[in-house]
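S.K.: Give me a 3D structure for the following:
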Amino acid sequence: MDLIKSLNENTGVRPEKFFKNTLFRSDAMLVGLNCLEAGQVQSAHSHPDQDKFYFVVEGTGHFLLGEKHWLAATGDIVWAPAGLRHGVENRGDKRLTLLIGIAPSP
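M.R.: Residues are numbered from 1 along each chain as shown. Purely as a prediction, here's the structure:
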């Protein structure tokens, strides 16, 4: 089992939909990497029994949290507690890279 992973070695591109890569997973938590190219969107959704965070590794994201829209940039962390509707859009011209965590694991 790998206990250390490089973010740079785990990024990727999917032209039809944003790129997702699970880095670590246990029953307690999932840690992953989401890469959204310019114009890509993670549609609004919720996790009834799971908390989620997004750490902005690079780029700027337009986040929907509940009914409000927020802007988060490199170094910011975004919290979506269980049951809160959330999503993100990359309106910029460069990649948006997000380290995400979901607990407990889906």
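S.K.: Spell out, range by range, the strands that occur in this protein.
M.R.: Listed in chain order, the strands of the chain (DSSP state E) span residues 19-25, 30-36, 41-45, 51-58, 60-65, 68-73, 77-80, 86-89, 96-103.
S.K.: For these, could you give me a markdown table that also reports mean pLDDT and mean neighbour count?
M.R.: Just so you know, the C-beta spots here come from the backbone N, C-alpha and C atoms, and that holds for glycine as well. As requested, those are arranged in a markdown table below (pLDDT from 0 to 100; neighbours: other C-beta atoms under 10 Å):
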| stretch | mean pLDDT | mean neighbour count |
| --- | --- | --- |
| strand 19-25 | 97 | 15 |
| strand 30-36 | 98 | 20 |
| strand 41-45 | 97 | 14 |
| strand 51-58 | 98 | 18 |
| strand 60-65 | 98 | 19 |
| strand 68-73 | 98 | 12 |
| strand 77-80 | 98 | 16 |
| strand 86-89 | 98 | 20 |
| strand 96-103 | 98 | 21 |
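S.K.: Among those, which comes closest to residue 4?
M.R.: Go through the strands of the chain one by one with C-beta to C-beta and the one that ends up closest to residue 4 is strand 19-25, at 10.0 Å.
S.K.: export the closest one as PDB, just CAs?
M.R.: What follows is strand 19-25, C-alpha atoms only, in PDB (Å, rounded to 0.1, in the frame of the first residue of the first chain):
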ATOM      1  CA  PHE A  19     -10.800  14.300 -14.300                       C
ATOM      2  CA  LYS A  20     -11.100  12.400 -11.000                       C
ATOM      3  CA  ASN A  21      -8.500  10.200  -9.400                       C
ATOM      4  CA  THR A  22      -8.900   8.500  -6.000                       C
ATOM      5  CA  LEU A  23      -5.600   8.700  -4.200                       C
ATOM      6  CA  PHE A  24      -6.500   6.900  -0.900                       C
ATOM      7  CA  ARG A  25      -9.600   5.200   0.300                       C
END
